[in-house]
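3D model of this:
(chains A, B and C)
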Amino acid sequence: MEHLGRDFFARDTLTVARELLAQRLVRVLDGERLAGRIVEVEAYVGEEDRACHARSGRTERNASMYGPPGHAYVYFVYGMHHCLNVVTEREGFPAAVLVRALEPLEGIEAMRSRRWPERGHVVSVVEGRGGRADVELLGGPARLCQALGIDRRFDGVDLCAPGAHLFVERAAAVPDEAVAAGPRVGVRGDGAALVAPWRFYLRDSRYVSRS
DNA sequence: GGATCGATCGGCT
DNA sequence: GCCGATCGATCCG
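Alright, predicted model coming up:
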């Protein structure tokens, strides 16, 4: 399978976000492939975007967003969660796409045991039986990072490098009718960028983090 | 199903 | 000090 290369990411962030939908995010962990289909993303674009981490300029934390496209920007929030972004546009311009949800495809048992070390092996969608539903496995930016073993060590890592342990594989594109857009999750305020429909998701996927 | 709240800590106003 | 691109538990209806 073809890995998405630098040219894919070195474009307008909204375009990259839209086109990342349906592509396959792959993490190689302990020699095993963990993978999911990207079903939900959000674009964060430049210092003028008041929801973007670069809104107050460059800092040590957001430095990766100012770096070259095709690299990861991984940050730590709420004292316990990590979130994964893919850096876009040209070096020097801070922009990225947040990966918000995946449909589980490969390495599901390994991902389950990372998310639920106690009873992760119990596969059940029935409430009260100790099992967890697959929609909870990768449905959320922090959830998918936990399942894939992604933390700050991946901040700044090149997803386009040969032998990368985290990358995106090309899959068949989806038609525009399959894509929905709306305001970004957790973004509040009345600025133009704050209400912009920069969240993209597959309309019919049951794996998006919120319907 | 929806609202609310606690956890937990790094970053920056 | 304050708050966050979140999650999961709990309470209510």
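
CA atoms only for stretch A:68-84 - export them in CSV, please.
Taking C-alpha atoms only, stretch A:68-84 is exported to CSV below (Å, rounded to 0.1, in the frame of the first residue of the first chain):
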residue,chain,number,x,y,z
PRO,A,68,7.6,20.8,7.9
PRO,A,69,4.3,19.1,6.7
GLY,A,70,3.8,15.4,7.1
HIS,A,71,5.1,15.4,10.7
ALA,A,72,3.1,14.7,13.8
TYR,A,73,2.1,17.3,16.3
VAL,A,74,1.2,15.5,19.5
TYR,A,75,0.2,17.4,22.6
PHE,A,76,-0.8,16.6,26.2
VAL,A,77,-4.0,17.9,27.8
TYR,A,78,-6.2,17.7,30.9
GLY,A,79,-3.2,16.2,32.8
MET,A,80,-3.8,12.8,31.2
HIS,A,81,-4.6,12.8,27.5
HIS,A,82,-2.7,12.9,24.3
CYS,A,83,-4.0,14.1,20.9
LEU,A,84,-2.5,13.5,17.4
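
can you list contacts of that stretch?
Stretch A:68-84 is contacted from outside by A:4-6, A:8-10, A:53, A:61-62, A:64-65, A:85-91, A:96, A:98-99, A:141-142, A:144-146, A:148, A:150-152, A:154-160, A:166, using CB atoms under 8 Å, 6 or more residues apart in numbering. Yep, even glycine has a C-beta here, placed from its N, CA and C like the rest.

Now that stretch: buried residues?
Buried residues in stretch A:68-84, counted by 16 or more other CB atoms under 10 Å: A:68-75, A:82-84.

pretty sure A:E103 contacts A:E40?
No. Counting by CB atoms under 8 Å, A:E103 stays clear of A:E40, with 9.6 Å between them.

the more surrounded of these two?
More crowded of A:E103 and A:E40, by other CB atoms under 10 Å: A:E40, with 28 against 22.

how close does that one sit to DNA strand B?
17 Å (CB to the nearest atom of the strand, to the nearest Å).

Which strands and helices lie in contact with the helix or strand hosting that residue?
Per DSSP states H and E, A:E40 falls inside strand A:32-45. Packed against strand A:32-45 by the contact rule (3 or more CB pairs under 8 Å, 6 or more residues apart in numbering; DSSP states H and E) you find helix A:13-20, strand A:24-29, strand A:95-106, helix A:108-115, helix A:141-148, strand A:199-202.
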